[in-house]
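# Dropping a prediction and its sequence here:
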Amino acid sequence: MHETRVQVEVAGGGLPPFWDRSVAFFANLLALFFGNEEETTSLVEAVGEVDSYGGRLIPILNLVFRGPDNVLVLERHPDETLCGYFREDLGLSLPKLEILSHGEYVAAGTEVIGGGREEATAILAEVARHGASWVDGYVTDEGLERIAARMGKGTITTAAGSKNGNNKWLLFEALRERGLPIVATEMAASGSEVVGCLERLGERGFRSAVLKAQIGASGIGMVKLPETGPGARVPDLDEHLFYEGPAMVQGWLEPGVHGITKIHSPSVQMFLDDTRVHLFDMTEQILSHESVHEGNESPPPYLGGRDAVKAELLRQAGEAGSWLHEVGYRGTASADFLLAERGEGEDPEVSVCEINARVTGATYPSVLARHFRPEGAWLLRNLRMSEPLEGGRLLEMLDGPGHLYRVGRGMGGGVLPVNFNFGEDDLVHKGQFLCLGESPAECHELLRRAEEDLPMDWSYVRD
């Protein structure tokens with residue numbers, strides 16, 4: 001077995017020792033696919049209101065980067081009342097904010113503009129004046145490296161480390177090399193090769209499969225294939241799935257296959273500094289039927305008293321995190337797992353599903369929750385409002401019946417709005433809401449009571 005080379009530490013509650021640095025952080029969510037514009041378009045169409053997602057970083061940036069001069073570069077202005085809630089009611093310090101659209105970000109990161117487009121150049125000059133020594137983003141692509149160089153600053157991670165750290169195929173090969181459990185996988189260089197992959201997976205006892213592009217996020221770059229075996233039908237597959245090279249076709253683990261009775265989706269949160277990998281929270285992913293992320297909760301309710309299972313999750317997370325460190329990634333990340341139950345008396349099978357080398361959908365609730373309640377439980381859900389409304393009004397509606405989380409209310413829990421997503425009408429259409437409580441059951445109850453008491457309806461949606 002491949003030996004772990006970097007030191008791995010498990011936080012015993014609370015947060016790890018994050019960066020003692022100042023940062024200019026670019027909320028470049030639409031750079032997640034490293035130039036794959038078709039995947040970027042698919043993300044915008046599937047998620048909606050994507051230009052306001054960077055607001056999730058506002059309450060956590062000064063917790064992760066503890067220097068004095070942090071600046072967060074967003075794609076649109078956040079809700080001022082929500083920022084006021086963070087400062088005044090939660091006692092959080094917030095970074096300085098600048099606005100740079102995705103188009104201007106791309107322009108600023110291209111070689112051809114040199115001195116560049118006026119708006120991008122002016123904003124970069126303003127960001128440079130804030131005094132942060134480092135540059136970071138959701139991902140570090142070549143454009144972000146150029147922006148950092150133009151400002152005379154270094155990046156936390158190299159573009160190669162960021163891209164390789166998010167490559168599912170490179171991770172799979174590393175897991176196999178290290179002797180960790182892996183899911184049955186075939187490789188397809190094009191859509192025409194998928195039929196053969198499905199036939200071979202059918203022979204290995206799988207009823208369905210999933211195709212994964214080497215780089216994807218939030219369900220983009222992933223296609224569920226409902227049939228295996230000879231003559232299995234394959235839907236039309238977009239070329240962007242093969243943008244980085246051959247795609248992975250994996251057997252779908254589900255009840256009824258290989259003796260499996262239940263599947264769980266735990267995730268271990270990690271932070272990689274220059275010398276160590278810190279594991280600091282364990283969550284359960286809330287997934288749709290198509291395995292698209294819709295939220296998280298911590299701790300996973302089925303792990304109570306199962307110390308051996310938790311130890312195995314942490315062991316494999318340490319191996320995956322050490323690989324991520326080796327390829328050059330630094331910062332927050334999540335290692336996602338599949339945990340297959342096989343009946344009474346049998347230990348479940350634990351296998352790494354993927355690593356997301358960035359601030360993920362579990363990072364920001366985990367950091368906030370462990371900051372305010374190191375030993376408590378939390379639940380994060382993405383909620384779409386039945387009718388758009390102003391952010392201030394939404395906060396009032398939560399606060400009126402006493403559901404809004406406030407520091408100093410004894411040990412009571414509550415609902416903490418992390419971010420609001422706006423439509424073109426500048427109203428809140430969707431948001432991310434964090435419930436803090438003593439147990440997972442209490443967190444679910446907090447959200448249920450809020451839904452009952454608020455004079456509005458919402459639906460649970462993808463991240």
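Right, received. Where do you want to start?
# mind listing the helices for the stretch 251-400 of the chain?
In the stretch 251-400 of the chain, helices defined by DSSP state H, counting those that start in this stretch lie at 307-326, 363-372, 391-399, listed in chain order.
# who does the residue lying closest to Arg381 once chain neighbours are set aside bridge with?
Sequence neighbours aside, Gly295 is the residue nearest to Arg381 in space, at 4.3 Å (criterion: C-beta to C-beta, 6 or more residues apart in numbering). Placement of C-beta: from N, CA and C, glycine included. Taking DSSP bridges as the rule, Gly295 bridges to Ile286, Arg381.
# check contacts around Gly295.
285-286, 361, 379-382, 460, 463 (C-beta atoms under 8 Å, 6 or more residues apart in numbering).
# Now do the strands in the stretch 151-300 of the chain.
Under the criterion DSSP state E, counting those that start in this stretch, strands of the stretch 151-300 of the chain are mapped to 154-155, 185-188, 209-217, 220-225, 247-251, 262-264, 266-272, 276-287, 293-298.
# For those, state which one has the densest average packing.
Across the strands of the stretch 151-300 of the chain, averaging neighbours per residue (mean count of other C-beta atoms under 10 Å) puts strand 266-272 on top, at a mean of 26.
# residues in contact with it?
Residues outside strand 266-272 that contact it (C-beta under 8 Å, 6+ apart) are 16, 18, 277-285, 296, 300, 303, 313-314, 317, 321, 324-325, 329-337, 339, 362-363, 366.
# Now with 7 Å, please.
Identification of contacts with strand 266-272 by C-beta atoms under 7 Å, 6 or more residues apart in numbering yields 16, 18, 277-285, 296, 300, 313-314, 317, 321, 324-325, 329-337, 339, 362-363, 366.
# now swap in stretch 296-306 and tell me
264, 266-267, 281-286, 309-310, 361-362, 365-366, 369, 377-380, 440, 443.
# What residues sit buried inside it?
Within stretch 296-306, the residues that count as buried by 16 or more other C-beta atoms under 10 Å are 296-300, 302-303.
# any low-confidence regions in this structure?
Low-confidence segments of the chain (pLDDT under 70): 1-4, 111-117, 289-291, 409-411.
# How about the residue nearest the centre of it: what's its closest non-neighbour residue?
By C-alpha atoms, centre = their mean, the chain has its centre lying nearest to Thr360, at 1.9 Å. Distance criterion C-beta to C-beta, 6+ apart; nearest residue to Thr360, sequence neighbours excluded, is Ser334 at 4.3 Å.
# Please list all residues in contact with the one you found.
Residues near Ser334 by C-beta under 7 Å, 6+ apart: 267, 269, 356, 360, 362-363.
# check contacts around Met397.
Applying C-beta under 7 Å, 6+ apart to Met397 gives the contacts 454-456.
# Distance of it relative to Leu436?
From Met397 across to Leu436, the span is 18 Å (C-beta to C-beta, to the nearest Å).
# Could you do Ala340 as well?
According to C-beta to C-beta, Ala340 and Leu436 sit 31 Å apart.
# Now that Gly109 has come up, it's in contact with Ala148, right?
No: assessed by C-beta atoms under 7 Å, Gly109 is found out of contact with Ala148, at 9.6 Å.
# still on that earlier bit, adding distance to Leu389, write the buried residues of stretch 296-306 out as TSV.
Below are the buried residues of stretch 296-306 laid out as TSV (distance: C-beta to C-beta, whole Å):
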residue	distance to Leu389
Asn296	25
Glu297	26
Ser298	29
Pro299	33
Pro300	33
Tyr302	36
Leu303	38
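# which among the residues you listed gets closest to Gly391?
Lowest distance from Gly391 to the buried residues of stretch 296-306 (C-beta to C-beta) belongs to Asn296, with 23.1 Å.
# Just list the residues touching Leu436, thanks.
369, 372-373, 376, 378, 405, 413-414, 416.
# Let's have the residues you listed in CSV, adding neighbour count.
Putting the contacts of Leu436 into CSV (neighbours: other C-beta atoms under 10 Å) gives the following:
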residue, neighbour count
Ala369, 26
Phe372, 18
Arg373, 18
Gly376, 19
Trp378, 25
Tyr405, 25
Gly413, 23
Gly414, 19
Leu416, 25
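# Which ones among those residues lie within strands?
Judged by DSSP state E, those include 378, 414, 416 as members of strands.
# which non-adjacent residue is nearest the first one?
In this structure, Trp378 finds its nearest non-sequential neighbour in Ala369, 3.8 Å apart by C-beta to C-beta, 6+ apart.
# List the residues that contact the residue nearest to Ala11 when sequence neighbours are not counted.
Leaving aside its sequence neighbours, Ala11 sits nearest to Phe280 (C-beta to C-beta, 6+ apart; 3.9 Å). The neighbourhood of Phe280, defined by C-beta under 7 Å, 6+ apart, consists of 11, 15-16, 269-271, 370.
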